[in-house]
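Student: coords please:
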Amino acid sequence: MSTNGPIRHARRALLWLGVIMVALSALVVTGVATGNTTWGPKLALDLEGGTQMILAPEVAGGADATQEQLDQAVEIIRQRVDGSGVSEAEITTQSGRNVVVSMPGTPDTRTRDLIQASANMEFRPVIVAGSFGATPEENRTPRDELPEPTAEPTDSSDTNWVDADLMAEFEAYDCEAELAERGDSVNDPEQPMIACDPGTLSKYILGPVEIPGTDIADATFGMQRGQQGFTTGQWAVNLEFNSAGAAKFSDVTQRLVTMEGAQNQFAIVLDGQIVSAPTTNAVIADGKAEISGSFTEESAKALAEQLKYGALPISFEIQSEQQISATLGADQLRMGLIAGLIGLGLVGLYSFFQYRMLGLVTMASLIVAGVMTYLALVLLGWAQNYRLSLAGIAGLIVAIGLTADSFIVYFERVRDELRDGRSLPSAVETGWKRAKRTIIASKAVNLLAAVVLYLTAVGNVRGFAFTLGLTAVADLIVVFLFTHPVLQYLARTRFFGEGHRWSGLDPSLLGVEPLYRGAGQVRRYKADADTARTKRNAGSAQEAERRQTIAERRKSAENVPAATSSTKDSDHA
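Tutor: Numbers count the residues shown, from 1 in each chain. Just a heads-up that it's a prediction; the model follows:
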């Protein structure tokens, strides 16, 4: 086997790891230099403290808010707070009367305004439709060819609402970037607007508001029924307007049903974002509409709840605001870090006891993985406002053992190859081919579990799932770009290659005679290796015989006399 190939591979892998670490470090240094981040990750509410606001609901007409209205208000506020980039916020109701919002740090003026504002649901007709992203500059319509209004608009579907400035903005509008930056917004109900539909990856120019959300009387979901009254097996959302809304909806559907293309659609907008944009198939005069499509039970229920409670006539007044200390405090954080250091120390002791100096590779790999994870957490705090909670720290501590498990699998594979009489460089390459499949499968399971837990859990449990998944990715990078390349280099050193008693590859630790002390002695001990394999095969045969069923043993016993009788007859002849 040529030694140039593995060494060349190891050098290239370590170079890539160096590039990754330098790039992450450079980004952190840039963020610190520009004042956008600090050297440490951002901490969540339970570790850093923050601001607690008690919101008193104000219902139109002076009525009391119901529990259903408060629950839906909590969901709307949570969406707004998450959309504004605040992570790990806690939003709950208090005594069935108030809403309590606790968030890390100090909220800015925009976040306060979003929290206090009432939900704003509107029904607007579609005028122009386009793709979710921005139109490439070379494909945009020249300024002198953009449309200009020829007359005053006569209704909300009139294309005269679209002038050259609005059309140019629409072509340059990137929904993904705008939603991430701006979040929820409030628009003039008497003017057109640009809105995005994340469900269909479309963007629209919408006309002025035709029907406000407060005209919705009720919204339910259920199985769609055909003209004969039988269910079609598809889910639908049933929408009912009050008397004022029914009259407006009748006029709107009478106009839209005659239009073609995108202008046949009617957009339902909540806080500046499109909830649904169904087409108009018939004139609806009784104020009872049905929204059908590719709904599941869950999506139909979610849309019905948004329609029913999305236009809550509730605004909130900040009754009190105070700074709160960390709910868990420095003591719990210190104990968590101590637990992590104890776990790391135990892993180190086991590695040195089991693998001697080879345990240094394990510890070095853990350090590299830890530095990479730390840099990633700092950058995520800068870019996505991710905050590390105590549950997230627990995920990091658990990951120490899961990460060390990858190295143990690899080392044991290498030692198995040494027991079979291979030299150390050959054992490293052969053992890696077998170990990496196991490692990839193990980390795929860890990552899948983390993703499922993150999507299904709420609160701080999501922080645990996130760090668990992040460390699984870091583990794969480190074992491929650091652990294996380092072992490729060490395999060609005299200390490890000749099986020094402190290398962790001493033949006495492997339970065999020295089979791999140099290329010239491999053949000398080949017979011992063959004997060892023969003993293992004999042991396997005995185990297989022990596991035979009663029927198999009886059949085997019946065959033995027959064979003996045949032999005697042959001898007599």
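
Student: can we go C-alpha only for contacts and neighbour counts from here?
Tutor: Will do.

Student: got the phi and psi for residue 210?
Tutor: Phi and psi for residue 210, reported as degrees, to the nearest 10, are phi -90, psi -40.

Student: unless I'm mixing things up, it is touching residue 121, no?
Tutor: No. Judged on Cα atoms under 8 Å, residue 210 makes no contact with residue 121 at a distance of 11.3 Å.

Student: these two - which one has more neighbours?
Tutor: residue 121 (28 against 21; other Cα atoms under 10 Å).

Student: any idea of the pLDDT on that one?
Tutor: The pLDDT attached to residue 121 in the predicted structure is 79.

Student: state which helix of this structure is the longest.
Tutor: helix 424-456 (DSSP state H).

Student: just how off-centre is that one within its chain?
Tutor: A distance of 19 Å separates the centroid of the chain from that of helix 424-456, by Cα atoms, centre = their mean, to the nearest Å.

Student: so what does the helix or strand just after that helix touch, helix or strand wise?
Tutor: Scanning forward in sequence from helix 424-456 by DSSP states H and E, the next helix or strand is helix 461-478. Helices and strands touching helix 461-478, as assessed by 3 or more Cα pairs under 8 Å, 6 or more residues apart in numbering; DSSP states H and E, comprise helix 359-383, helix 390-419, helix 424-456.

Student: could I get these as JSON lines with distance to residue 143, mean neighbour count and mean pLDDT?
Tutor: Below are the helices and strands packed on helix 461-478 laid out as JSON lines (distance: least, Cα to Cα, whole Å; neighbours: other Cα atoms under 10 Å; pLDDT from 0 to 100):
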{"stretch": "helix 359-383", "distance to residue 143": "35", "mean neighbour count": "20", "mean pLDDT": "90"}
{"stretch": "helix 390-419", "distance to residue 143": "52", "mean neighbour count": "20", "mean pLDDT": "86"}
{"stretch": "helix 424-456", "distance to residue 143": "45", "mean neighbour count": "17", "mean pLDDT": "90"}
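
Student: let's have those in TSV, adding distance to residue 336.
Tutor: Output for the helices and strands packed on helix 461-478, formatted as TSV (distance: least, Cα to Cα, whole Å):
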stretch	distance to residue 336
helix 359-383	16
helix 390-419	7
helix 424-456	21
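
Student: quick one: closest of those helices to residue 295.
Tutor: helix 424-456 (20.1 Å; Cα to Cα).

Student: by contact count, what packs against that closest one?
Tutor: helix 390-419, helix 461-478, helix 484-490.

Student: what's next to the second one, contact-wise?
Tutor: Pointing back at helix 461-478 there. Applying Cα atoms under 8 Å, 6 or more residues apart in numbering, the contact partners of helix 461-478 are 17, 365, 368-369, 372-373, 388-389, 391-396, 398-399, 403, 439-440, 443, 446-447, 450-451, 453-455.

Student: quick one: the helices in the stretch 201-350 of the chain?
Tutor: 243-256, 297-309, 329-355 (DSSP state H, counting those that start in this stretch).

Student: show me the helices in the stretch 1-150 of the chain, by range?
Tutor: Ranges of helices in the stretch 1-150 of the chain, per DSSP H, counting those that start in this stretch, are 4-33, 45-48, 67-83, 109-116.

Student: gap between residue 503 and residue 435?
Tutor: Per Cα to Cα, to the nearest Å, residue 503 is found 20 Å from residue 435.

Student: ok, now residue 375?
Tutor: Distance of residue 375 to residue 435, computed by Cα to Cα: 28 Å.

Student: how many residues are close by the closest residue to residue 194 other than its chain neighbours?
Tutor: Leaving aside its sequence neighbours, residue 194 sits nearest to residue 205 (Cα to Cα, 6 or more residues apart in numbering; 4.6 Å). Neighbours of residue 205 under the rule other Cα under 10 Å: 24.

Student: which residues touch residue 205?
Tutor: For residue 205, the contacting residues are 126-129, 170, 192-195, by Cα under 8 Å, 6+ apart.

Student: run the last query once more with 7 Å
Tutor: 126-129, 192-195 (Cα atoms under 7 Å, 6 or more residues apart in numbering).

Student: and if you look at residue 70?
Tutor: Applying Cα under 7 Å, 6+ apart to residue 70 gives no contacts.

Student: can you pull out the low-pLDDT segments for the stretch 201-350 of the chain?
Tutor: 226-230, 309-314, 327-330 (pLDDT under 70).

Student: put the alpha carbons of stretch 259-266 into CSV.
Tutor: Taking Å, rounded to 0.1, in the frame of the first residue of the first chain, the C-alpha atoms of stretch 259-266 are listed here in CSV:
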residue,chain,number,x,y,z
MET,A,259,-62.1,38.3,-13.9
GLU,A,260,-59.3,36.0,-15.1
GLY,A,261,-55.9,35.1,-13.9
ALA,A,262,-54.6,36.5,-10.6
GLN,A,263,-57.3,39.1,-10.5
ASN,A,264,-59.8,36.3,-9.7
GLN,A,265,-58.1,35.8,-6.3
PHE,A,266,-59.0,37.3,-3.0
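
Student: buried ones in that stretch?
Tutor: Buried positions in stretch 259-266, judged by neighbour count with 16 or more other Cα atoms under 10 Å: 262-266.

Student: what does that stretch rub up against?
Tutor: Contacts of stretch 259-266 with the rest of the structure, by Cα under 7 Å, 6+ apart, involve 123-129, 157, 256-257, 277-280.

Student: between these, which is nearest residue 105?
Tutor: For the contacts of stretch 259-266, the residue nearest residue 105 by Cα to Cα is residue 123; the value is 36.3 Å.

Student: burial count for that closest one?
Tutor: Neighbourhood size, residue 123 [other Cα under 10 Å]: 23.

Student: so that it lines up with my notes, have the first residue be 869 from now on.
Tutor: Understood, numbering begins at 869; the last thing we discussed is residue 991.

Student: that one: what's it in contact with?
Tutor: Contacts of residue 991 by Cα under 7 Å, 6+ apart are 1077-1080, 1134-1137.

Student: what do you get for residue 1256?
Tutor: For residue 1256, the contact set (Cα under 7 Å, 6+ apart) comprises 909-912.

Student: and it, bridged to which residues?
Tutor: Residue 1256 forms beta bridges with residue 911, as assigned by DSSP bridges.
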